[in-house]
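S.K.: Prediction below, plus the sequence it came from.
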There are 2 protein chains.
Amino acid sequence: MIRRNPELLAYINEFYIENESGILEEKYHPKQRIIEQNRRYNWVYIIKEGITKCYLSDENGKDFIQEFLGEGMEFGEIEVFSCNPSFCCIEAITELVVYKISYIDFNTLLENDKKFNRLVIKSMAAKISYKAPRHSYQQSYPIEDNILRLQQLFPEFTKIISKNDIANYLGIALRSLNRTLNQLKDRNKI
Amino acid sequence: MIRRNPELLAYINEFYIENESGILEEKYHPKQRIIEQNRRYNWVYIIKEGITKCYLSDENGKDFIQEFLGEGMEFGEIEVFSCNPSFCCIEAITELVVYKISYIDFNTLLENDKKFNRLVIKSMAAKISYKAPRHSYQQSYPIEDNILRLQQLFPEFTKIISKNDIANYLGIALRSLNRTLNQLKDRNKI
DNA sequence: CGCGTAATTGAAAAGTATCAACACTGGTGG
DNA sequence: CCACCAGTGTTGATACTTTTCAATTACGCG
């Protein structure tokens, strides 16, 4: 549920911070948006501390949460390669500290630092391989199974994330989330 | 719906075929599986001709189709980086011709050929950026809207792909697909 | 023709969303 | 200290959507 990438973060901390590498640091407060949907940016971000949500919102006002991103996760890098405007929105949930790198510097690193290149590819591969099963599971199983699964993976998911966000993450109505949670409690399954 | 990557295919055709590069060619018939779920392989594939489906199947027997892959699309590359067994199944829909490259050669190309490296990254970025909106749309909109959208993007989608596969792609029951198609016809929307 | 696969349909059951009302919480200012 | 407010969480009743299951038909091909 909350994705992390300690390997990437460690690498950046070790080799590029305080080293005149063009990597900047920025802070955000909860509910601040780092990236808005359908805009163009020239920065790639990597989370140093805190949690964000990555979501798409559609005309009818519904938000769909792609993922919750924690330490070491990148965002904004997809748009470097696709040359499209941002396809999702990134919003801070907790207090947040990020590193940011300009497109130009990011591309330079990709070309000249093989380890960095490989870490970025790995991070993208991870994004692909966890999205697929999740999408599949959400479509194929009833709400109850999805909640039990979340419960297993992240026992304290209700502590950090609001109910509304959880519902948006699961792609269901808030009411359905509450009802199902109650049913599970009644049957002592949770 | 049917993804393609002509740029990658053109590049491989131009520089690596019939050039002692370690790239092999293979043919498959409809319904043959190139990759099974949860196994380990040592090959990355690129489609030269034909169409495959990429799907996940779960214990309860349901298949969920991730994407239909056409010319130039790679598969098997994610597992090179994640080091996990295959997370999906790849099955030929039409007569199929693929190129295949061993993990070792693939890694060598990635390290030594910057253009190839960039093309692979771009292809992964594309996978991420079309999966996200699709997942979101399927969760947030009713079946009817999803079918109309498919209709717009691929007017002849019923010609090539079986009804069952379309239902599995949309994550709905076959019955629901048929009912909705009929309703749309009644209202002359299709 | 006969077979297997794919497509179609109706009726009932199950699952979800919608909407509106109400409760809880922490913070603010009088 | 209390009243108020906004944000978040909770709940019931109802309407709607989707699936399930089983039966039937259509199609392509040896």
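M.R.: Ah, there it is. Numbers count the residues shown, from 1 in each chain, chains lettered A, B, ... in the order given.
S.K.: Excluding sequence neighbours, find me the nearest residue to the residue nearest the centre of chain A.
M.R.: Most central in chain A under CA atoms, centre = their mean is A:L69, positioned 3.1 Å from the mean C-alpha point. With CB to CB, 6 or more residues apart in numbering or on different chains as the measure, A:T52 is the residue that lies nearest to A:L69, at 4.9 Å, once sequence neighbours are left out. (C-beta placed from N, C-alpha, C; glycine too.)
S.K.: Name the residues linked to the one you found by a beta bridge.
M.R.: The residues listed as beta-bridge partners of A:T52 by DSSP bridges are A:L69, A:A92.
S.K.: What ranges does chain A have for its strands?
M.R.: A:2-3, A:24-28, A:33-35, A:43-49, A:52-57, A:63-69, A:74-75, A:89-92, A:96-102 (DSSP state E).
S.K.: Go through the ones you listed and name the closest to DNA strand C.
M.R.: When the strands of chain A are ranked by distance to DNA strand C, counting by CB to the nearest atom of the strand, first place goes to strand A:63-69 at 11.4 Å.
S.K.: Could you list every helix and strand in contact with that closest one?
M.R.: On a contact count with 3 or more CB pairs under 8 Å, 6 or more residues apart in numbering or on different chains; DSSP states H and E, strand A:63-69 meets strand A:2-3, strand A:52-57, helix A:163-170, helix B:114-140.
S.K.: Okay, angle between that strand and helix A:163-170 too, please.
M.R.: Here strand A:63-69 points in a direction 90 degrees away from that of helix A:163-170 (axes from the mean of the first three to the mean of the last three CA atoms, to 10 degrees).
S.K.: and chain A, which residues reach chain B?
M.R.: Contact residues (CB under 8 Å from any CB of the partner chain) of chain A with chain B: A:56, A:58, A:60, A:62, A:64, A:66, A:77-78, A:80-82, A:84, A:87-88, A:110-111, A:114, A:117, A:120-122, A:124-129, A:131-133, A:135-141, A:171.
S.K.: Mind doing that once more with 7 Å?
M.R.: Taking CB under 7 Å from any CB of the partner chain as the measure of proximity, chain A contacts chain B at A:56, A:58, A:62, A:64, A:66, A:78, A:81-82, A:84, A:87-88, A:111, A:114, A:117, A:121-122, A:124-129, A:131-133, A:135-136, A:139-140, A:171.
S.K.: quick revisit: what count of nearby residues applies to the residue nearest to A:L69?
M.R.: Neighbouring residues of A:T52 were enumerated by other CB atoms under 10 Å in any protein chain shown; the total is 28.
S.K.: that older thread, so which of the helices and strands packed on strand A:63-69 gets nearest DNA strand D?
M.R.: Closest of these to DNA strand D is helix A:163-170, at 3.7 Å (criterion: CB to the nearest atom of the strand).
S.K.: Run through who's touching that closest one.
M.R.: A:K53, A:Y55, A:D63, A:F64, A:I65, A:Q138, A:N146, A:F157, A:A173, A:L174, A:L177 (CB atoms under 7 Å, 6 or more residues apart in numbering or on different chains).
S.K.: Go through those residues and name the one with the lowest pLDDT.
M.R.: Model confidence across those bottoms out at A:F157, which has 86.
S.K.: separation between the closest residue to it other than its chain neighbours and DNA strand C?
M.R.: The shortest distance from A:F157 to any residue other than its chain neighbours is 5.6 Å, reached at A:L150 (CB to CB, 6+ apart). According to CB to the nearest atom of the strand, to the nearest Å, A:L150 and DNA strand C sit 14 Å apart.
S.K.: and what of A:R149?
M.R.: Distance, A:R149 to DNA strand C, by CB to the nearest atom of the strand: 13 Å.
S.K.: While we're on that residue, how confident is the model there?
M.R.: Here the pLDDT value assigned to A:R149 is 93.
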